[in-house]
Structures are given as C-alpha cells and as structure tokens.
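A.B. asks: Below are the sequence and a predicted model for it; my questions follow.
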Amino acid sequence: MSEHWRHYEDKLKNENFNPKEFVQQLCKNLDNAQDLYSVKKVVEGIKQTHATELQKNVYNNYGQFIQTSKEITYLEAEMYKLGHLLTEQKALICSLTDDNLTSQKNEVLDISITEDLSIAKIVELVQGAAVLHDIPGRKLLHNGNVVELAEDEQQIRLFLMTDCIMSAAPTKSAWMSEAYKMVDLLELKNITIMDVQDRKLCFKITQYPANMFMYRAESEQKRIEWVSLIKRAQQDLKESVGERPDIELKQSRDDMVEGTWEENQRRAKFRAEALLELPEQLDVCIAQRDFDNAVRKLRDAKQDIAKLEQSNHAPEIKARIDSRLRQLTDMLTEVNMGSGMYAHGKASKKPVKQLLLLEKVTQATSLFLRNKSTSLKMSIRRIKMEGTMTLYITKLSQTFFSTVAAVGTEFKAVFSNTETGCMPSYVAWVESELEWFADMFSRQVFPQGSVIGHGVAGECVAIALKHADQLSQNGLDISFLMHRLLQPGIAETLKRNHIQIMEASQLRAKEEHWKKCQFSRQTGDIKKLDDLLKTYNVDLSKYCVSTGDDNIYVTLCHSVISFVRSFHSYLQDAKKMYNIRVKKQLIDSITSCLQFQSFQLKLAPPDPEIRTVVTSSDMFMNKEFIPAVITFLELQVTGQPVPQIRKILDTNDML
C-alpha cells in the first residue's frame with residue numbers, strides 16, 4: 001500500500017500532471033472495480049494528508065501573515081503621507097509664485113509711498129488709519145519696509161510720526177483703493193526700543209505693559225537709522241510736551257464748593273493732573289484685566305474730560321483716553337465670545353453691565369444677545385431624540401420659545417434705563433434665532449426624500465405655532481414669520497402626501513371588484529368609519545344594510561371607502577398646516593384628488609350586477625362627500641369660498 005501511495009503521490013506532485021491522461025491510464029491498468037476503489041482510497045488519503053499539512057503551515061505562518069498585513073497597512077499610510085507632502089510642496093511653489101507677484105506689486109507701491117507724505121495721504125493709502133486725524137499737528141518723520149518676526153514672518157511698513165509709530169501690512173486685493181492695512185498703532189511715550197544682540201539686522205520694540213514686537217531691517221544701515229530716529233523722536237516728544245503738560249478744566253458754578261477761589265483752583269488743578277495719569281492707569285487695569293476699576297476710573301473722570309480747555313495738549317489727552325476706552329470696549333465685547341462657559345450666569349451679565357456704564361449700548365446689546373444665543377443652542381442640544389416625533393417637537397418648541405420669551409423679559413429689564421430704544425435689536429435677534437429653529441424643525445419634520453405618517457407633520461406644526469404664541473405676551477407676534485419660514489417644508493409635505501393619495505387611488509382602481517364592503521360589528525371598523533364621516537356631517541346609515549348576523553354591508557365600493565379614510569387624514573393635516581401661502585397648492589391638490597376619484601366611478605364597467613354599488617358610490621361622492629368637503633374647507637380651513645372645487649359637482653352632473 002505504501003508503494004502505491006508513493007507512486008500515486010509522485011504522479012500527483014508532478015508539475016506536468018494531466019488529470020485526463022491519469023484517469024485513462026488507470027482504466028487501462030486496473031482489472032476490476034475493486035482495484036479502482038482501492039486507488040480511490042489512496043488518492044483520498046493523499047488529499048487528506050496534504051490538507052492537514054496545509055492547515056499546519058497556515059497555523060504556523062499565521063503570525064507572519066498578520067505582520068505582513070500590518071506592513072502593507074503601514075506602507076499605505078506612508079504613501080498617503082507622501083501624497084500629502086507632494087500636495088503641500090505644490091501649494092508652496094504656488095505661494096512662492098504669488099509672493100513674487102506681490103513683491104513686484106509692493107515695489108510699484110514703494111515708488112509712490114517713498115515721497116514726502118502728509119497725514120491725509122497716509123490715511124488714503126492705509127486702511128484703518130483715520131485715527132491719525134484725532135491729534136492735530138501730527139507729522140510723518142520716516143517710513144520704510146521691515147520684516148516682522150512673529151509666528152510667521154511678514155513684510156510690513158513702519159510709519160514713524162512725531163508722537164507714535166504705526167505698522168501696516170500690504171493688502172493683496174488689487175481692486176482696493178488702500179495699499180496697506182493698519183496693524184498696530186503704538187505711542188512713543190509707551191514704548192522702549194533696543195537692539196537684539198543675538199540676531200543680525202534686528203531691533204525690538206516693547207510696549208508697556210506686555211506687548212513686544214521684533215523687526216528685521218533690510219540692512220545694518222537701515223537698522224541703525226530706525227533705532228536712532230525712534231529714540232530721537234521720543235526725546236523730541238519729551239522735550240516738546242514735558243513730563244507734565246499743563247491743561248486746565250472749565251469751571252462752572254456747579255463745580256464751585258465752599259471755600260476760596262484759590263481752593264477751587266487747586267481742586268481743578270488736582271483733577272487735571274489726575275487726567276494726565278489716567279491713560280497710564282487704564283493701561284495697568286487693562287493689562288491686569290481689572291475691568292471694574294477701569295470702568296470706575298473712566299466714569300469718575302467723565303465730567304472732567306468734557307471740561308478740558310481747548311489748550312495745545314487737550315486734544316492729545318482726549319485722544320489717549322478715547323484710545324483706552326476703545327481698547328477696553330473691545331476687550332469687554334470679546335471677553336466671552338464663543339465660550340460656552342460664559343454664556344450664562346453672572347459671568348455674562350457683568351461685561352454687559354460694564355458696557356452700559358461706559359454708555360456703549362450697541363456693544364452691550366450685541367454681547368447680551370450673543371450670549372443668550374449660545375445659551376439657547378446649548379439648551380436645545382441637551383434635548384434627547386427619544387419617543388415619538390411629536391414628543392420631541394413638543395420639548396424642542398417648549399424649550400426654544402420659553403427661552404426666547406424669558407430673554408425678552410430680561411432684555412427689557414436690563415436695557416430699560418437706556419435713552420435709545422433697544423427693542424429693534426431684540427426683534428432682529430428673534431428673527432435670526434427663529435430661522436435657526438425653523439431649519440432644525442424642517443430637518444426633523446420635513447425630511448428630504450422620505451415621508452412621515454399622515455397627521456404627524458400637521459401635529460408638529462400645530463405644536464410649534466402654539467408655543468410661538470408665548471412671545472405675544474412680550475408684544476411680539478411671529479406667527480406670520482413662522483408660516484413664511486415653514487412654508488417650503490409644508491408645501492413639499494402636501495405635495496408628497498397628494499402624490500401618495502393619487503398613486504394609492506390608481507392602484508385601488510385597478511384592483512377594484514365593485515362589490516359591497518362587509519364589516520363586522522365586533523371589530524368596530526364600521527363605528528370608526530361612521531365617526532370619521534360625522535366630522536363632515538355625512539350620514540353613513542343610509543348606505544348600510546344590516547343582516548341577521550354580526551355583519552354589516554355598506555353599498556359603497558372598496559376604493560371609495562379607502563379614499564375617504566386617506567383623504568380625511570390629508571385634510572386634517574392640511575388644516576393644521578394651512579396658511580395663505582399654500583392655499584393655491586392645497587386647493588389644486590384637493591381638486592385633482594376628488595376629480596380623479598369621481599372619474600374612476602364613471603369608468604366602471606356597465607355590468608347590471610355591480611350597477612347598484614357603482615350608483616351608490618357615485619351618489620355618495622357627488623351628493624354627500626364632496627359637498628361636505630367644500631363646506632369643511634370654507635368654514636374651518638380657508639375661510640373663503642372655493643369655486644374651483646364646486647366646479648367638480650357641475651362637471652359630474654353634466655356627465
């Protein structure tokens with residue numbers, strides 16, 4: 001047996017093995033079936049042995065298979081990274097090309113800007129430089145290109161003036177009238193300039209209290225020139241204005257207190273000296289984020305600022321204080337922008353109160369409403385999508401409209417003492433939030449490409465409109481706005497439901513057998529149908545035939561009864577979603593449905609056996625159901641006559 005085994009195994013292992021020749025050779029050499037059966041056993045044994053060895057090899061090399069697959073995955077990731085790097089290199093090459101074009105453009109700009117410029121000309125060339133007009137007598141001393149060394153190197157232009165230094169970045173929009181856009185405006189009295197020892201061609205400007213700017217000049221000569229010019233400008237400014245410029249305050253009878261004229265003058269001089277120190281004090285408060293103290297100082301100095309005499313230094317002091325006021329306002333406005341943790345509670349009310357104390361009503365209303373918007377969206381996102389659609393819409397509408405109503409009440413309380421009316425800001429905010437709510441509502445109730453059950457969409461719209469009435473307590477009626485925002489979804493839903501009814505009617509018309517419908521008293525179906533028709537004041541009993549058993553026969557065909565059920569759901573849904581914007585579409589849909597169903601009855605076969613059912617069904621549609629639908633629409637839906645549907649009755653009478 002072992003010899004036969006090795007003999008056949010060698011043949012099967014041969015690379016030139018031919019199955020057909022192998023079988024033919026066996027049939028020639030074997031004498032009977034017993035020999036053939038023994039060869040079969042040998043071949044099966046060889047097969048089993050090799051299958052077992054193959055399984056062992058797969059098991060032994062399983063680890064290698066896993067390692068190989070991991071290496072393949074790693075190679076795929078490396079190829080993806082390589083492709084990403086190639087894309088970045090391509091983008092870098094494109095950006096270098098753009099920079100080359102931009103540099104050529106800047107060279108053209110440099111030709112026109114190196115001339116002797118006035119402040120008015122700088123304001124024309126630099127976007128946002130209108131603040132340079134705040135202080136009269138300001139002149140340009142020097143300007144030139146440097147490279148700002150920040151996170152990304154950026155070529156900018158510095159403008160050195162008698163009391164400040166301005167940095168501006170070139171604009172990339174060729175169609176803009178301004179060649180540059182202002183980046184920073186630093187007062188010379190608040191900065192310190194120094195060389196950078198470990199970096200060539202660089203100098204550093206430090207602004208009190210914490211800002212630092214590092215620039216690289218085009219050459220060593222340019223660097224020395226910039227440093228010397230800035231230091232000379234600082235020295236000239238110090239010599240021209242002195243350490244303590246003299247300013248006076250207007251004195252009125254209300255400012256006079258008991259005492260001599262000299263004492264009142266001393267008090268006025270003391271307040272004037274306090275105004276000189278106010279910009280530095282505000283810088284310290286802003287750097288330490290002590291906004292309460294900064295607001296208090298500005299309010300205390302408000303009357304003194306208004307009484308500054310028109311001296312040489314009064315405009316400069318006012319400009320410095322106004323600059324700190326703008327900086328403080330910007331920080332209060334942006335202190336909690338986009339941060340959910342400040343969106344509610346005292347943390348959001350405090351900046352609003354401070355802005356009101358600074359008489360920045362517009363910024364205060366914007367900050368207040370932005371925080372409320374963030375809080376509202378956070379509350380909406382906490383609602384879980386569980387249960388039925390109507391349950392979710394109830395929670396959604398209740399949360400949204402109750403929050404909006406509460407915001408209106410709080411808004412009136414917070415901004416009640418403002419001289420200017422702020423309610424238009426609240427109305428505009430309500431409209432923007434309502435658009436967001438309508439978008440979320442439509443995505444849930446009017447999903448694209450799918451149809452929710454009859455009655456669900458109408459119920460959801462009715463729930464949302466009911467909760468929207470809460471805002472009427474604040475004198476804000478948004479029902480018309482709600483109808484406008486929901487109109488596209490309502491129109492699409494009515495269209496899809498209309499198509500469903502038409503397709504179902506066509507299918508039932510093909511399968512109609514024109515027989516009386518049988519109902520059982522025990523199931524209660526006949527009672528439900530009777531209650532449905534009572535909604536339209538239609539009596540079903542005249543079409544019912546009772547037998548001795550529990551069955552009741554209705555002399556109406558099956559297609560008519562099914563149409564009445566589905567059409568009833570459509571009408572109830574349309575009643576809840578109706579508004580004047582969808583009137584024409586609704587009337588057209590109802591007209592086409594009723595016309596189609598009536599026309600199907602006219603196409604019934606002229607068979608005497610079914611004539612009773614056809615006649616009864618036709619009479620029910622034209623004499624009972626369609627007039628009842630017209631009355632229902634005129635009284636409970638549109639509130640207006642619907643002559644388009646009444647024409648169906650005239651057409652049917654003619655037929």
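C.D. replies: Great, that's in hand.

A.B. asks: Can you tell me how far the most centrally placed residue in the chain is from Ser479?
C.D. replies: A centroid search over the chain (Cα atoms, centre = their mean) returns Trp436, at 8.0 Å, as the residue closest to the centre. Separation of Trp436 from Ser479 (Cβ to Cβ, to the nearest Å) stands at 18 Å. Where you see a C-beta, it was placed from the backbone N, CA and C, and this is true even at glycine.

A.B. asks: State the pLDDT value of the residue nearest to the centre of the chain.
C.D. replies: Looking at Trp436, its pLDDT is 91.

A.B. asks: try Gly340
C.D. replies: Confidence score, pLDDT, at Gly340: 46.

A.B. asks: do Met166 as well
C.D. replies: 90.

A.B. asks: What strand or helix carries it?
C.D. replies: Using DSSP states H and E, Met166 falls within strand 164-170.

A.B. asks: With adjacent residues omitted, what lies nearest to Ala294?
C.D. replies: Excluding the flanking residues, the one nearest Ala294 by Cβ to Cβ, 6 or more residues apart in numbering is Cys285, at 3.7 Å.

A.B. asks: Check for me that the one you found belongs to a helix.
C.D. replies: Yes: membership of Cys285 in a helix is supported by DSSP: H, G, I helix; E, B strand; the rest coil.

A.B. asks: Contacts for the strand holding Met166, please.
C.D. replies: Contact partners of strand 164-170, identified using Cβ atoms under 8 Å, 6 or more residues apart in numbering, comprise 102, 105-106, 109, 126, 129, 132, 138, 148, 154-159, 179-188, 191, 205, 213, 230.

A.B. asks: Could you identify the helix or strand that succeeds that strand?
C.D. replies: Next in sequence after strand 164-170, counting helices and strands by DSSP H and E, comes strand 180-187.

A.B. asks: out of the contacts of strand 164-170, which are buried?
C.D. replies: Those of the contacts of strand 164-170 that meet the buried threshold are 102, 106, 109, 126, 129, 132, 138, 148, 156-159, 179-188, 191, 205, 213, 230, by 16 or more other Cβ atoms under 10 Å.

A.B. asks: Please enumerate residues in contact with stretch 318-336?
C.D. replies: Residues from elsewhere that reach stretch 318-336 (Cβ under 8 Å, 6+ apart): 131, 134-135, 187, 275, 278-279, 282-283, 286, 289, 291, 294-295, 298, 301, 305, 308, 342-343, 347-348, 351, 354-355, 358, 360, 363, 366-367, 371.

A.B. asks: Neighbours of Leu229, how many?
C.D. replies: Residues lying near Leu229 (other Cβ atoms under 10 Å) number 16.

A.B. asks: Grab the nearest non-local neighbour of it.
C.D. replies: Using Cβ to Cβ, 6+ apart and skipping residues adjacent in sequence, the residue nearest Leu229 is His142, 5.1 Å away.

A.B. asks: And for Asp469?
C.D. replies: In space, and not counting its chain neighbours, Asp469 is closest to Ser479: 7.6 Å by Cβ to Cβ, 6+ apart.

A.B. asks: which residues touch that neighbour?
C.D. replies: If a contact means Cβ under 8 Å, 6+ apart, then Ser479 has Leu465, Ala468, Asp469 as its contacts.

A.B. asks: Next, the contact list for the first one, please.
C.D. replies: Leu465 sits next to Ser479, Met482 when contact means Cβ under 8 Å, 6+ apart.

A.B. asks: Next, work out how far apart it and Ser402 are.
C.D. replies: Separation of Leu465 from Ser402 (Cβ to Cβ) stands at 15 Å.

A.B. asks: and what of the second one?
C.D. replies: Ala468 sits at a distance of 11 Å from Ser402 (criterion: Cβ to Cβ).

A.B. asks: again with Leu132
C.D. replies: The gap separating Leu132 from Ser402 is 50 Å, by Cβ to Cβ.

A.B. asks: That's all I had, so thanks and see you.
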